[in-house]
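Participant: Build the 3D model from these lines:
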Amino acid sequence: MSTPTEPAVSNNEKLPHEDNDNNGMFVRIINKSKVYPLEEYAHSEIRNDHINEKVLPVELGESRKNVTVPKQQKSLFRRNFKETLILSAAILTIALSFVAVTVYYILSYSRPELVYTNMIWRHGDRAPAHYFPNFTEKYMIAFPRGIGNLTKIGAEQAEHLGLLLQRRYIHPGNITSKQIHIRSTDVHRTIETAQHVLKGMSFPDTRINVELTTNVDTAGNPFFDCPVATQFVLDQKEKYFLRENFSEIYELMQRELNYNSYSYYLFDTLNCLKAHDLALPDWLRSEELYEKLKFLSWHGVEAQFGIGPYDNKLQRKIRGGSSLRGIVSRIACKNGHQLTLVKKSFTDYQQQHDMTIAALLSTFSDIHSILGKPPLIGYGANIAFEIWRIDNLYEMKVRLIMYANQWDANPQDITQFAPGCEDSIKFCNVTKFIQHSRQLFFDNVQEACLKDGENLTSRRCNQKIDEY
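Facilitator: Numbers count the residues shown, from 1 in each chain. Model (predicted):
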């Protein structure tokens, strides 16, 4: 029996299934499913030619099934993808919001706030402190205000220092003159320097406190009267003079000045003359002489403070420790009143001398890393002990114990050398600082200096120190 031949599909005729909406897709699927044999083996009826294509009914049914399944899969995929995208966007939005809030609180809570400063500075330029007959009077025309007094240059240095302090610590409206406490030793040049510093800070009417006379001022004058400490130096005198090693220096002073005792007095006079560009006599012009006088002067300071080759714990606690105690007692007071501190800034300024700064730094772990070797402390040199509030907690820390070696120098961070702060960078826990400092001074230095002697040391804030 012969099989009836199916009519050929012409270019213009439509198959029944082509009325279906899937027609275009169906044709494309058929075309993409073609297998193309090599050109020379391909039969004309299986070439990629629509004119020669033949489609059987069975193939159409199977093709409908094959087309419907991918369409459903694509629709499901698109829906899932859209839901996933929306969910991801929501999660990302929540995460970004959380990060923003976290960063805000971190910045708000970790921003340090300065709440208290205790600062010591040396007076400005002055006239020589010692008078050599037949020598010093030749130069007194340059120092009309007299031996040891502040000069015009010193007053200008002090005002400039005040301006620098104003820029560093004082901002419009954040502090008043009532929040500034100035303490000075009972010496005219330090009192006058404090006045000029306050003028530079724009607080010229602030009161300057002179609490004790120099001989009993244990915080401001490291060489206050103390028989025990004085005897220690007397026992070392011939040793620290180093007469055998520097005999030419003492012979020179004897010949030119009729004086052969403390070389520091000549060194101080030489510094004053050089600072004012005054003509020096030939015998005083040598740079080698200057360096030797500088060395001998510091060698004597080491004996006074019980440091270096004259290492003595008792001497250190009496001389250097008393200067340290003056700082610690004020910080202990402020730390004890921390709840009021955070509302206002408080500032204590102490107008002192070069030896006050040297005594204080002698209690630090490495004085030469701070001052150099041998040290020379310039006019207006200053140290600032700063207490900061951190992380929005009432936890006080000492930060940036700053030291500048003269009035116009940029301060350097020396916190790491302070007692108890050796492992600290910039910030040091104030309780740790106080606890370690207590080992370096006497609570009652007069008792250590003279048994049953009258205690002339201020007892202010002793109870606060005892709490640590």
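Participant: Pull stretch 245-256 out as CSV, backbone CA atoms only.
Facilitator: The C-alpha trace of stretch 245-256 is given here as CSV (Å, rounded to 0.1, in the frame of the first residue of the first chain):
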residue,chain,number,x,y,z
ASN,A,245,90.3,66.8,85.5
PHE,A,246,89.5,70.5,84.7
SER,A,247,92.3,72.3,86.6
GLU,A,248,92.7,74.7,83.7
ILE,A,249,89.1,75.9,84.1
TYR,A,250,89.5,76.7,87.8
GLU,A,251,92.9,78.4,87.2
LEU,A,252,91.3,80.5,84.5
MET,A,253,88.5,81.7,86.8
GLN,A,254,90.9,82.4,89.6
ARG,A,255,93.1,84.5,87.3
GLU,A,256,90.4,86.4,85.5
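Participant: now do the same end-to-end measure for stretch 421-439.
Facilitator: Stretch 421-439 has an end-to-end distance of 14 Å (criterion: Cα to Cα, to the nearest Å).
Participant: Quick check: mean pLDDT of it?
Facilitator: Averaging pLDDT along stretch 421-439 gives 88.
Participant: buried residues in it?
Facilitator: Under the neighbour-count criterion of 16 or more other Cβ atoms under 10 Å, stretch 421-439 has 421, 424, 427-428, 430-434, 436-438 buried. Glycine gets a C-beta too; all of them are placed from N, C-alpha and C.
Participant: Narrow these to those in helices?
Facilitator: Secondary structure defined by DSSP state H assigns 430-434, 436-438 of these to helices.
Participant: Can you tell me which of those is closest to residue 323?
Facilitator: Nearest to residue 323 among those, counting by Cβ to Cβ, is residue 437 at 11.1 Å.
Participant: got the contact list for that closest one?
Facilitator: 324-325, 328, 363, 419-420 (Cβ atoms under 8 Å, 6 or more residues apart in numbering).
Participant: for residue 164, same thing?
Facilitator: 200, 408.
Participant: for it, helix, strand, or coil?
Facilitator: helix (DSSP: H, G, I helix; E, B strand; the rest coil).
Participant: Check the spacing between it and residue 125 real quick.
Facilitator: 16 Å (Cβ to Cβ, to the nearest Å).
Participant: before we move on, back to that, any chance of the contacts of residue 437 in a markdown table, with secondary structure too?
Facilitator: Putting those into a markdown table (three-state DSSP) gives the following:
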| residue | secondary structure |
| --- | --- |
| 324 | helix |
| 325 | helix |
| 328 | helix |
| 363 | coil |
| 419 | coil |
| 420 | coil |
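Participant: just those now: which is nearest residue 196?
Facilitator: Of these, the one sitting nearest to residue 196 (Cβ to Cβ) turns out to be residue 324, at 27.0 Å.
Participant: where exactly do the strands run in the stretch 151-300 of the chain?
Facilitator: 180-184, 208-209 (DSSP state E, counting those that start in this stretch).
Participant: Can you name every helix or strand that the longest one contacts?
Facilitator: Taking 3 or more Cβ pairs under 8 Å, 6 or more residues apart in numbering; DSSP states H and E as the contact definition, the neighbouring helices and strands of strand 180-184 are helix 188-200, strand 208-209, strand 346-352.
Participant: Among the buried residues of stretch 421-439, which pair sits farthest apart?
Facilitator: 427 and 438 (20.2 Å).
Participant: So what's the residue count around residue 222?
Facilitator: 27 (other Cβ atoms under 10 Å).
Participant: go on, residue 122?
Facilitator: Neighbour tally, residue 122, other Cβ under 10 Å: 28.
Participant: what's near enough to touch residue 205?
Facilitator: Counting by Cβ under 8 Å, 6+ apart, residue 205 has contacts residue 177.
Participant: now it: how far from residue 193?
Facilitator: Relative to residue 193, and taking Cβ to Cβ, residue 205 is found at 17 Å.
Participant: Ok, residue 217 next?
Facilitator: Applying Cβ to Cβ to residue 217 and residue 193 gives a distance of 16 Å.
Participant: out of those two, which sits in the more crowded spot?
Facilitator: It is residue 193, of residue 217 and residue 193, that has more neighbours when counted by other Cβ under 10 Å, with 32 against 27.
Participant: got a pLDDT number for residue 291?
Facilitator: pLDDT, residue 291: 96.
Participant: Neighbours of it, how many?
Facilitator: Neighbours of residue 291 (other Cβ under 10 Å): 11.
Participant: thinking again about what came up before, between the buried residues of stretch 421-439, which is nearest residue 131?
Facilitator: residue 437 (38.6 Å).
Participant: Identify whichever of the helices and strands packed on strand 180-184 lies nearest to residue 90.
Facilitator: strand 346-352 (50.6 Å).
Participant: Direction included, what does that closest one pair against?
Facilitator: strand 113-122 (parallel), strand 180-184 (parallel) (DSSP bridges).
Participant: rank the ones you listed by pLDDT, which is bottom?
Facilitator: For the strands paired with strand 346-352, where the average pLDDT is lowest is strand 113-122, sitting at a mean of 88.
Participant: Pull it out as PDB, backbone CA atoms only.
Facilitator: Output of strand 113-122 as PDB, limited to C-alpha atoms (Å, rounded to 0.1, in the frame of the first residue of the first chain):
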ATOM      1  CA  GLU A 113      38.200  65.900  75.500                       C
ATOM      2  CA  LEU A 114      40.700  67.900  77.400                       C
ATOM      3  CA  VAL A 115      39.500  68.600  80.900                       C
ATOM      4  CA  TYR A 116      42.500  69.700  82.800                       C
ATOM      5  CA  THR A 117      46.000  71.000  82.300                       C
ATOM      6  CA  ASN A 118      48.900  71.400  84.700                       C
ATOM      7  CA  MET A 119      51.800  73.300  83.200                       C
ATOM      8  CA  ILE A 120      55.200  74.400  84.400                       C
ATOM      9  CA  TRP A 121      57.300  76.900  82.500                       C
ATOM     10  CA  ARG A 122      60.600  78.600  83.000                       C
END
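Participant: which of the residues in it are buried?
Facilitator: 114-122.
Participant: Let me see the ranges of the strands in the stretch 351-468 of the chain.
Facilitator: Under DSSP E, counting those that start in this stretch, the stretch 351-468 of the chain gives strands at 382-389, 396-404, 412-413, 427-429.
Participant: just for the chain, where's the confidence low?
Facilitator: 1-77, 101-110, 172-174, 334-346, 392-404, 451-468 (pLDDT under 70).
Participant: Contact partners for residue 407?
Facilitator: Contacts of residue 407 by Cβ under 8 Å, 6+ apart are 121, 124, 157-158, 160-161, 378-382.
Participant: one more time with 7 Å, if that's ok
Facilitator: 124, 157, 160-161, 379-380 (Cβ atoms under 7 Å, 6 or more residues apart in numbering).
Participant: Next one: it relative to residue 164, how far apart?
Facilitator: In terms of Cβ to Cβ, residue 407 sits 8 Å off from residue 164.
Participant: mind listing what's buried in stretch 218-235?
Facilitator: 218-226, 229, 232-233.
Participant: Just the CA trace of it, in PDB.
Facilitator: C-alpha atoms of stretch 218-235 as PDB (Å, rounded to 0.1, in the frame of the first residue of the first chain):
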ATOM      1  CA  THR A 218      59.300  72.500  98.200                       C
ATOM      2  CA  ALA A 219      57.200  72.400  94.900                       C
ATOM      3  CA  GLY A 220      58.700  75.400  93.200                       C
ATOM      4  CA  ASN A 221      62.300  75.500  94.500                       C
ATOM      5  CA  PRO A 222      64.100  72.100  94.400                       C
ATOM      6  CA  PHE A 223      66.900  73.700  96.600                       C
ATOM      7  CA  PHE A 224      64.700  74.500  99.500                       C
ATOM      8  CA  ASP A 225      66.300  74.300 103.000                       C
ATOM      9  CA  CYS A 226      67.000  70.600 103.800                       C
ATOM     10  CA  PRO A 227      70.000  69.700 106.000                       C
ATOM     11  CA  VAL A 228      70.000  66.100 104.900                       C
ATOM     12  CA  ALA A 229      70.200  67.000 101.200                       C
ATOM     13  CA  THR A 230      72.700  69.800 101.700                       C
ATOM     14  CA  GLN A 231      75.000  67.500 103.600                       C
ATOM     15  CA  PHE A 232      74.900  64.900 100.800                       C
ATOM     16  CA  VAL A 233      76.200  67.500  98.400                       C
ATOM     17  CA  LEU A 234      78.800  68.800 100.800                       C
ATOM     18  CA  ASP A 235      80.100  65.200 101.000                       C
END
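Participant: Cheers, nothing more for now.
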